[in-house]
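Student: My questions concern the predicted model and sequence given below.
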Amino acid sequence: MAAVTSRIATAAALKPRHAMLSGWGRFPLSESDIYRPEKIAELQTLVTGNGLSLIARGAGRAYGDAAQNDQNRVADIQRLNRMLSFEPESALLRCEAGVTIAEIIDVFLPRGYFPPVTPGTRFVTLGGSIAADVHGKNHHRDSSLASHVTNFDLMLATGEILRCSREEHSDLFWATVGGMGLTGVIVEVELRLRPVESAYFNGELIRARNIDAAIEAFERTDSEYGYSVAWIDCAIGKNSLGRSVLNVGNFATLDTLPDNLAQDPFSVTPPIIPSVPFDLPGWTLNALTVKAFNAVYYMFHRDTRARTIFDWQSFFYPLDSIRSWNRIYGKRGFVQYQCVWPLAESRAGLIELLEAISRSRRASFLAVLKKFGAQEGMLSFPMPGYTLALDFPVNDTLLEFLDTLDAMVLKRGGRVYLAKDARMRPETFRAMYPNFPRWQQAKALADPDNRFSSSLSRRLAMDPA
Ligand SMILES: Cc1cc2nc3c(=O)[nH]c(=O)nc-3n(C[C@H](O)[C@H](O)[C@H](O)COP(=O)(O)OP(=O)(O)OC[C@H]3O[C@@H](n4cnc5c(N)ncnc54)[C@H](O)[C@@H]3O)c2cc1C
């Protein structure tokens with residue numbers, strides 16, 4: 001009887017749902033057969049069967065088309081979400097790749113551990129986070145997620161599973177980290193969590209009157225704080241260009257917490273999470289409303305420097321506090337443009353980009369500045385320097401405008417993040433990612449018939465000709 005039930009379940013998991021998909025930016029849309037395997041054996045059948053190409057999908061939080069495969073197959077791996085083992089001494093956690101950062105926090109924060117690196121949303125899977133080699137607010141200190149991953153198991157197009165680490169199949173390890181799912185499907189991950197004494201942060205909110213003051217504040221607080229981020233008002237130009245509010249902090253140790261928090265250091269009241277119930281009309285966010293919002297946000301932080309205790313939710317995930325916030329950009333969706341410049345070019349690059357945005361009267365509602373440190377993966381996005389992330393609603397002139405930003409970033413040796421991208425041109429991608437030929441060699445060895453392909457890989461001509 002059990003065998004029959006299991007066969008029925010397998011058949012159901014391997015029966016696709018044909019549907020439209022998008023990334024978090026809701027642009028572009030694509031149509032695919034979507035599978036939801038629950039077991040490794042089901043995934044194996046999926047990977048090795050059928051002539052159409054396949055791409056893995058996690059929680060679909062990449063903004064663009066990385067986890068889409070128009071007119072082909074998508075393997076949603078969110079059901080492969082079992083935690084397998086944990087060693088408290090070494091803080092090594094082994095789990096399936098569909099486990100999310102949110103699930104890790106739920107289980108391990110009350111026990112005194114936190115993910116070593118987290119993006120600005122916790123609703124991402126480990127598989128998706130390794131494939132994009134995500135960074136957090138601590139990249140300048142701790143690099144990206146891959147630095148804390150000891151090994152992962154990768155399912156190749158043949159169905160074979162290879163353990164990849166810095167020692168075993170190391171080229172494949174570094175091609176898969178940041179490789180956007182194109183070398184195979186990550187099925188299991190081992191990573192080292194960070195021991196913490198509380199769920200709180202000791203930090204500061206620092207008001208910076210322009211971009212020079214913001215950079216100065218990052219550099220000044222760099223060695224004191226492991227985590228830093230700035231929210232930039234990019235609706236304002238001239239002498240206030242780049243004015244921002246910096247948020248810096250370290251996990252609080254017990255001896256630094258007030259008594260009421262130290263008594264129960266891991267308990268934080270969960271916030272009430274409102275949601276955007278429907279698509280707002282496209283005009284809701286225009287240059288004027290964005291300007292008004294940013295002015296209020298900046299003025300709200302009156303003090304030039306204010307010491308504060310943050311809880312982990314408000315420090316790491318302010319965007320998670322409004323569910324479905326991607327609907328505020330209306331039905332046509334939006335593009336998140338995230339770029340990075342080498343350190344020596346960052347100031348000039350930031351000024352050039354912010355001036356171009358101000359001239360174009362396309363104020364970005366969200367503009368986030370962070371500092372990056374060293375980086376290893378072949379196609380990983382970060383490099384030592386400053387990174388800026390901006391949201392733009394899609395309209396008839398946006399893509400042309402973003403091409404002009406690409407040219408500005410490229411001429412200074414910078415690059416654009418693939419996990420956010422929905423529109424870059426192939427020649428720009430190649431120029432921005434000089435390790436691409438090395439990545440292609442590793443991809444050709446792991447996937448000689450190019451069975452793993454996506455809307456992003458075809459758009460960027462990453463697939464072999
Ligand atoms: C609000 C918000 C804030 C964000 N902040 C940050 C940030 O601060 N830093 C940052 O780096 N990123 C950030 N991101 C981007 C996000 O972290 C990445 O796009 C991440 O890859 C999303 O993970 P996912 O599970 O949703 O993967 P998906 O979006 O489903 O997939 C992303 C990529 O991973 C591949 N993939 C997924 N699962 C697997 C698997 N098991 N094996 C192989 N490949 C796989 C897919 O093929 C695709 O190429 C943010 C996104 C949002 C929506």
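Tutor: Good, I have the coordinates. This is a predicted model, so every value here is computed, not measured.
Student: near the ligand, which residues of the stretch 151-300 of the chain show up?
Tutor: Contact residues, the stretch 151-300 of the chain versus the ligand (C-beta under 6 Å from any ligand atom): Met180, Gly181, Val185, Ile186. Placement of C-beta: from N, CA and C, glycine included.
Student: For the closest residue to Ser453 other than its chain neighbours, give me the backbone phi and psi.
Tutor: Computed as C-beta to C-beta, 6 or more residues apart in numbering, the closest residue to Ser453 that is not its neighbour in sequence is Ser53, at 3.9 Å. Main-chain torsions, Ser53, degrees, to the nearest 10: phi -70, psi 170.
Student: Surely Ser53 and Asn69 touch.
Tutor: Yes. Taking contacts as C-beta atoms under 8 Å, Ser53 lies within contact range of Asn69: 6.4 Å.
Student: Which one's more surrounded, these two?
Tutor: Neighbours were counted for Ser53 and for Asn69 using other C-beta atoms under 10 Å; Asn69 has more, 30 against 21.
Student: Check the spacing between that one and Ala75 real quick.
Tutor: To Ala75, Asn69 is 9 Å away according to C-beta to C-beta, to the nearest Å.
Student: buried stuff in stretch 71-83?
Tutor: Asn72, Arg73, Val74, Ala75, Asp76, Ile77, Gln78, Leu80, Asn81 (16 or more other C-beta atoms under 10 Å).
Student: Keep only those that also lie close to the ligand.
Tutor: Among these, the residues within reach of the ligand (C-beta under 6 Å from any ligand atom) are Ile77.
Student: Return the member of the buried residues of stretch 71-83 nearest to Ala431.
Tutor: Using C-beta to C-beta, the shortest approach to Ala431 within the buried residues of stretch 71-83 belongs to Asn72, at 27.4 Å.
Student: Return the residues in contact with Asp279.
Tutor: Residues counted as contacts of Asp279 (C-beta atoms under 8 Å, 6 or more residues apart in numbering) are Arg327, Gly330, Lys331.
Student: how near is it to the ligand?
Tutor: To the ligand, Asp279 is 17 Å away according to C-beta to the nearest ligand atom, to the nearest Å.
Student: sorry, back to before: from the contacts of Asp279, list just the buried residues.
Tutor: Buried among the contacts of Asp279 (16+ other C-beta under 10 Å): Arg327, Gly330.
Student: Quick check: the farthest pair among the buried residues of stretch 71-83?
Tutor: Among the buried residues of stretch 71-83, Asn72 and Asn81 lie farthest apart (C-beta to C-beta), at 24.0 Å.
Student: how about the residues of the stretch 351-465 of the chain near the ligand?
Tutor: Going by C-beta under 6 Å from any ligand atom, the residues of the stretch 351-465 of the chain near the ligand are Ala419, Ser454.
Student: Please enumerate the strands of the stretch 351-465 of the chain.
Tutor: Here the stretch 351-465 of the chain has its strands, by DSSP state E, counting those that start in this stretch, at 367-372, 385-393, 415-416.
Student: Let me have the contacts of Asp279 in a markdown table, adding pLDDT, secondary structure and distance to Met20 as columns.
Tutor: Output for these, formatted as a markdown table (pLDDT from 0 to 100; DSSP: H, G, I helix; E, B strand; the rest coil; distance: C-beta to C-beta, whole Å):
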| residue | pLDDT | secondary structure | distance to Met20 |
| --- | --- | --- | --- |
| Arg327 | 88 | helix | 16 |
| Gly330 | 86 | coil | 17 |
| Lys331 | 89 | coil | 13 |
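Student: Dump the contacts of Asp279 into CSV; add distance to the ligand as well.
Tutor: Below are the contacts of Asp279 laid out as CSV (distance: C-beta to the nearest ligand atom, whole Å):
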residue, distance to the ligand
Arg327, 13
Gly330, 17
Lys331, 18
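Student: ok, now how distant is Arg438 from Thr150?
Tutor: Taking C-beta to C-beta, one finds Arg438 at 23 Å from Thr150.
Student: just Ala465 next, same as before
Tutor: 36 Å.
Student: Looking at the two, which one has more neighbours?
Tutor: Each of Ala465 and Thr150 has its neighbours counted (other C-beta under 10 Å); Thr150 has more, 15 against 3.
Student: Secondary structure of the more buried one: a helix, I assume?
Tutor: No. Secondary structure of Thr150 (DSSP: H, G, I helix; E, B strand; the rest coil): strand, not part of a helix.
Student: so who does it touch?
Tutor: With contacts defined as C-beta under 8 Å, 6+ apart, Thr150 is in contact with Leu92, Ser165, Glu190, Leu191, Arg192.
Student: From those, list just the buried residues.
Tutor: So, by 16+ other C-beta under 10 Å, the buried ones in these are Glu190, Leu191, Arg192.
Student: Is it correct that the first one is in contact with Arg163?
Tutor: No. In this structure Glu190 lies outside contact range of Arg163 using C-beta under 8 Å: 9.3 Å.
Student: so what sits against both of these two?
Tutor: By C-beta under 8 Å, 6+ apart, the residues touching both Glu190 and Arg163 are Asn151, Phe152.
Student: Can you lay out the buried residues of stretch 71-83 as a markdown table showing pLDDT and secondary structure?
Tutor: Formatted as a markdown table, these follow (pLDDT from 0 to 100; DSSP: H, G, I helix; E, B strand; the rest coil):
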| residue | pLDDT | secondary structure |
| --- | --- | --- |
| Asn72 | 98 | coil |
| Arg73 | 98 | strand |
| Val74 | 98 | strand |
| Ala75 | 98 | strand |
| Asp76 | 98 | strand |
| Ile77 | 98 | coil |
| Gln78 | 98 | coil |
| Leu80 | 98 | coil |
| Asn81 | 98 | coil |
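Student: quick one: which of the buried residues of stretch 71-83 is nearest the ligand?
Tutor: Ile77 (4.5 Å; C-beta to the nearest ligand atom).
Student: who's in contact with that closest one?
Tutor: Pro37, Leu43, Ala56, Arg57, Gly58, Ala97, Gly98, Thr125, Gly127, Val185, Val187.
Student: tell me which element the closest residue to it other than its chain neighbours falls in.
Tutor: Among residues not flanking Ile77 along the chain, Gly98 sits closest, at 4.6 Å (C-beta to C-beta, 6+ apart). Assigned by DSSP states H and E, Gly98 falls within no helix or strand.
Student: if I read this right, Gly98 contacts Asn81, doesn't it?
Tutor: Yes. Using C-beta under 8 Å, Gly98 is in contact with Asn81, at 3.9 Å.
Student: Show me whatever sits in contact with both of those two.
Tutor: Common neighbours of Gly98 and Asn81 (C-beta under 8 Å, 6+ apart) are Thr125.
Student: what bits of the stretch 1-150 of the chain have low per-residue confidence?
Tutor: By pLDDT under 70, the low-scoring segments of the stretch 1-150 of the chain are 1-13.
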